[in-house]
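Undergrad: with the sequence up front, the predicted model follows.
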Amino acid sequence: MAGGGFSKLPNGSVVVAITLPNPVVEGASVRILVHALNRARALTRLRNLGLRAVYLRGNLEPPTPDEVTAVLHHPDGLLWRTSPQTVQELWHPIAALLRPARVEGRSPSPSGV
């Protein structure tokens, strides 16, 4: 179900792109981009965020040049958006995907409790 690939950059680092099931919306998927020194470190970054069962087998869906540009210009080097891309959807920081969904009608308390 998960597809992905990587592109090696001239400086030796890599951009890994993986398509995974969306953890929030059932039946949907997300495309995640990670910039790291090598493929193993890219996958480790995802596993450290709680995406434990992430593996890259093959290079069937490498990142496009636009995806490489997007992740290189982001300070965290870790982005996502829905897949297949909806009309003109922008890339989101990974925190927007992993934070718990807010309960409808409730706002967080000012004290944080």
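TA: Cool, the structure landed.
Undergrad: Pro62 contacts Val14, correct?
TA: No - in this structure, Pro62 is not within contact of Val14 by C-beta atoms under 8 Å, at 10.1 Å. For every residue, glycine as well, the C-beta is placed using N, CA and C.
Undergrad: these two: which has the busier surroundings?
TA: Using other C-beta atoms under 10 Å as the criterion, Pro62 and Val14 rank with Val14 on top: 20 against 16.
Undergrad: show me where this structure has helices.
TA: For the chain, applying DSSP state H gives helices covering 39-48, 65-72, 94-98.
Undergrad: Serialize the ones you listed to CSV and add fields for distance to Pro84.
TA: CSV is the format used below for those (distance: least, C-beta to C-beta, whole Å):
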stretch, distance to Pro84
helix 39-48, 21
helix 65-72, 13
helix 94-98, 17
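Undergrad: and Ile18, which of those helices is closest to it?
TA: Closest to Ile18 of the helices of the chain is helix 39-48 (C-beta to C-beta; 7.4 Å).
Undergrad: so how far is the closest one off the chain centroid?
TA: 11 Å (C-alpha atoms, centre = their mean, to the nearest Å).
Undergrad: list the buried residues for it?
TA: 39, 42-43, 45-46 (16 or more other C-beta atoms under 10 Å).
Undergrad: beta partners for Lys8?
TA: On the basis of DSSP bridges, Lys8 is bridged to Val14.
Undergrad: next, count neighbours for it.
TA: Lys8 - counted by other C-beta under 10 Å - has 12 other residues nearby.
Undergrad: what residues of the worst-scoring helix or strand of the chain on mean pLDDT count as buried?
TA: The weakest-scoring helix or strand in the chain, judged by mean pLDDT, DSSP states H and E, is helix 94-98 (a mean of 78). Neighbour counts using 16+ other C-beta under 10 Å place 94, 97 of helix 94-98 among the buried residues.
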